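Engineer: here are the coordinates; sequence isn't available:
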Ligand code: STX
């Protein structure tokens, strides 16, 4: 077997800044790689997860001109953890605005996890703006996925961590965990808000790698990260991401002509493989990579290898 591919070396952006997208929101962006090279945009997960320096390293800096940004309310975007005017369709409009500011007609769209949801929503709305799609950890943001992750399913595989997740919620509210958390995450009491945010965020941190790692999990308990991540995820899922059930799968016909790679780990907990499999069946032209020994995170060895091969392969298609 050939050697697994890893990230490109650490790199600083050649430009950073903020874009005012209206509704009081300012988005922080980074531009990385070679100005004028093949345009691409990176869509992070969560929603509410923000970008990190490692995300810059998924693309060959010599062959890409990459834009990364923190979606509304998270990372360094402001207002921090803000939920007003923060919906899937605001984010789709933000991507179009950023494309215009970057001055490119079309670009490659890369999205992992919630980023794959957003990439599908964007591509199905603006198919003519997308040259290729690289999708990892397919997520349709559907009621079946919320039930599996926040109600019953992953609870049976991680009963130890599940106990910590349900701890802030009284028994008589546990029949609807997303609603019960919403109450606390939007509470006027900052202590209650933070306690809920930490528990919500740690549930995800502790269940997304095939083999959980202490340092990685601890990052999810950090106050600023946890508050934005938990509040924004919960807000989106409470509102079913402003999508019709199965909308993203139904509308695959709008994007089937776009070259695409789909990468998914068999033991992905938040984003069960069933959805990636359904997408593969609906979109047989897309290059489907099922990674047998992996969970959800982009940094897992088999997943990362497939992602690096995909961005490299598409770099050559300009
Ligand atoms: N949320 C899945 C998701 O998009 C249900 C996601 N999970 N973890 C992340 O994103 C980060 C690693 C970005 C925090």
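Structural biologist: Done, it's in. All values derive from a computational prediction rather than experimental measurement. Numbers count the residues shown, from 1 in each chain.
Engineer: Show me what whatever helix or strand residue 160 lives in is in contact with.
Structural biologist: For residue 160, the element it lies in under DSSP states H and E is helix 159-166. Residues outside helix 159-166 that contact it (Cβ atoms under 8 Å, 6 or more residues apart in numbering) are 154, 155, 174, 177, 199, 200, 202, 203, 206, 207. All C-beta atoms are positioned from the backbone trio N, CA, C, and that covers glycine.
Engineer: now it, how far from the centre of its chain.
Structural biologist: In terms of Cα atoms, centre = their mean, to the nearest Å, the centre of helix 159-166 is set 23 Å apart from its chain centre.
Engineer: how about that helix: buried residues?
Structural biologist: 161, 162, 165, 166 (16 or more other Cβ atoms under 10 Å).
Engineer: Select only the buried ones of the contacts of helix 159-166 in ChimeraX?
Structural biologist: Buried subset of the contacts of helix 159-166, written as a ChimeraX selection, criterion 16+ other Cβ under 10 Å:
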select :154,155,177,199,200,202,203,206,207
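Engineer: What about the contacts of helix 159-166, which are in helices?
Structural biologist: Among the contacts of helix 159-166, the members falling in helices are 177, 199, 200, 202, 203 (criterion: DSSP state H).
Engineer: what's the closest of those to residue 24?
Structural biologist: residue 200 (24.4 Å; Cβ to Cβ).
Engineer: The closest one and residue 15, how far apart?
Structural biologist: Distance, residue 200 to residue 15, using Cβ to Cβ, to the nearest Å: 34 Å.
Engineer: Residue 204 now?
Structural biologist: 31 Å.
Engineer: quick one: which of these two has more around it?
Structural biologist: Shown here are residue 204 and residue 15; by other Cβ atoms under 10 Å, residue 204 has more neighbours (24 against 10).
Engineer: Which residues does stretch 265-284 contact?
Structural biologist: With contacts defined as Cβ under 8 Å, 6+ apart, stretch 265-284 is touched by 113, 116, 135, 137-140, 142, 145, 148-149, 153-154, 157-158, 204, 207-208, 210, 249, 252, 255-256, 260, 262, 264, 286, 288, 290-296, 300, 302-303.
Engineer: So which of those residues reach the ligand?
Structural biologist: 113, 139, 204, 208 (Cβ under 6 Å from any ligand atom).
Engineer: what's the neighbour count on the nearest residue to residue 240 once chain neighbours are set aside?
Structural biologist: Nearest residue to residue 240 in three dimensions, chain neighbours excluded: residue 143, at 6.6 Å (Cβ to Cβ, 6 or more residues apart in numbering). Each residue near residue 143 was counted by other Cβ under 10 Å, and the total is 14.
Engineer: pLDDT weak spots in this protein?
Structural biologist: 1, 318 (pLDDT under 70).
Engineer: what does the domain assignment say about it?
Structural biologist: When the chain is parsed with automatic domain parsing, its domains come out as 15-141+243-315, 143-241.
Engineer: Can you give me the first-to-last residue distance of the first one?
Structural biologist: Okay, so that is domain 15-141+243-315. 21 Å (Cα to Cα, to the nearest Å).
Engineer: Flag every residue of the stretch 1-150 of the chain that's near the ligand.
Structural biologist: 44, 45, 46, 49, 113, 114, 139.
Engineer: Which of the residues you listed sits closest to residue 218?
Structural biologist: residue 49 (15.7 Å).
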